[in-house]
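Engineer: coords please:
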Amino acid sequence: TASDAANGHSVGEAGGTRATPSNGSRGENLGDALANAPLKATFLKQRELLVGVLRKFAGMEAEVETLRDDVTRRDVIIHSLRQEVQQHQAQQLQQLQQLQELQGLVQQRAHEAVQPFIVDDQSPGLSPTFAEREAFGETG
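Structural biologist: A predicted model of the protein is given here:
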């Protein structure tokens with residue numbers, strides 16, 4: 001602005017002002033430096049804080065990445081265990097079905113093995129005759 005130009009400042013590209021070099025004595029530069037000392041101290045303090053925050057953030061990013069990797073590994077393990085459980089259940093089901101088939105066969109064979117010894121009174125030739133019963137002492 002005009003007042004800035006009158007005070008020895010020029011307008012920068014972003015609209016801010018900056019001090020123009022003056023041909024004055026060194027005392028003026030020393031005065032400016034002393035006046036800017038608190039500003040410079042504040043700037044350095046803020047810079048240190050920013051650096052500290054950035055370092056802490058970088059450390060936290062590394063920790064987040066580590067935790068993310070741990071979660072991924074855990075998820076892979078869980079998936080593998082679920083697959084193993086499903087395979088084990090399928091295997092048990094198959095074994096149960098085979099056992100039931102074998103039990104059915106055993107019952108069938110046992111029934112077939114006993115069947116010839118069952119006397120059917122209505123089947124000719126299978127019922128014992130009077131003489132056969134008398135021979136075994138079964139007459140009444």
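
Engineer: can we go C-alpha only for contacts and neighbour counts from here?
Structural biologist: Will do.

Engineer: Do me a favour and average the pLDDT over the helix or strand encompassing I77.
Structural biologist: For I77, the element it lies in under DSSP states H and E is helix 26-114. Computed over helix 26-114, the mean pLDDT rounds to 92.

Engineer: Which elements pack onto that helix?
Structural biologist: With contacts defined as 3 or more Cα pairs under 8 Å, 6 or more residues apart in numbering; DSSP states H and E, helix 26-114 has no helix or strand neighbours.

Engineer: Which residues are in contact with Q108?
Structural biologist: Listed by Cα atoms under 8 Å, 6 or more residues apart in numbering, Q108 has no contact partners.

Engineer: now it: how far from L102?
Structural biologist: Counting by Cα to Cα, to the nearest Å, the separation of Q108 from L102 is 10 Å.

Engineer: V51 too?
Structural biologist: Taken as Cα to Cα, the span from V51 to L102 is 76 Å.

Engineer: ok, now Q89?
Structural biologist: Using Cα to Cα, Q89 is found at 20 Å from L102.

Engineer: Same question for D69.
Structural biologist: For D69, the distance to L102 - Cα to Cα - is 49 Å.

Engineer: before we move on, what about F43?
Structural biologist: Distance from F43 to L102, by Cα to Cα: 88 Å.

Engineer: got it, and E48?
Structural biologist: 81 Å.

Engineer: And L44, by the same measure?
Structural biologist: Per Cα to Cα, L44 is found 87 Å from L102.

Engineer: now T42
Structural biologist: Counting by Cα to Cα, the gap from T42 to L102 is 89 Å.

Engineer: cool, and V53?
Structural biologist: From V53 to L102 the distance is 73 Å (Cα to Cα).

Engineer: what's the spacing between F43 and K56?
Structural biologist: In terms of Cα to Cα, F43 sits 20 Å off from K56.

Engineer: I meant to write Q86 there.
Structural biologist: Relative to K56, Q86 is positioned 45 Å away (Cα to Cα).

Engineer: Kindly report the same for E101.
Structural biologist: Using Cα to Cα, one obtains 67 Å as the distance from E101 to K56.

Engineer: With D32 instead?
Structural biologist: 36 Å.

Engineer: And D69, by the same measure?
Structural biologist: D69 is 20 Å from K56, where distance means Cα to Cα.
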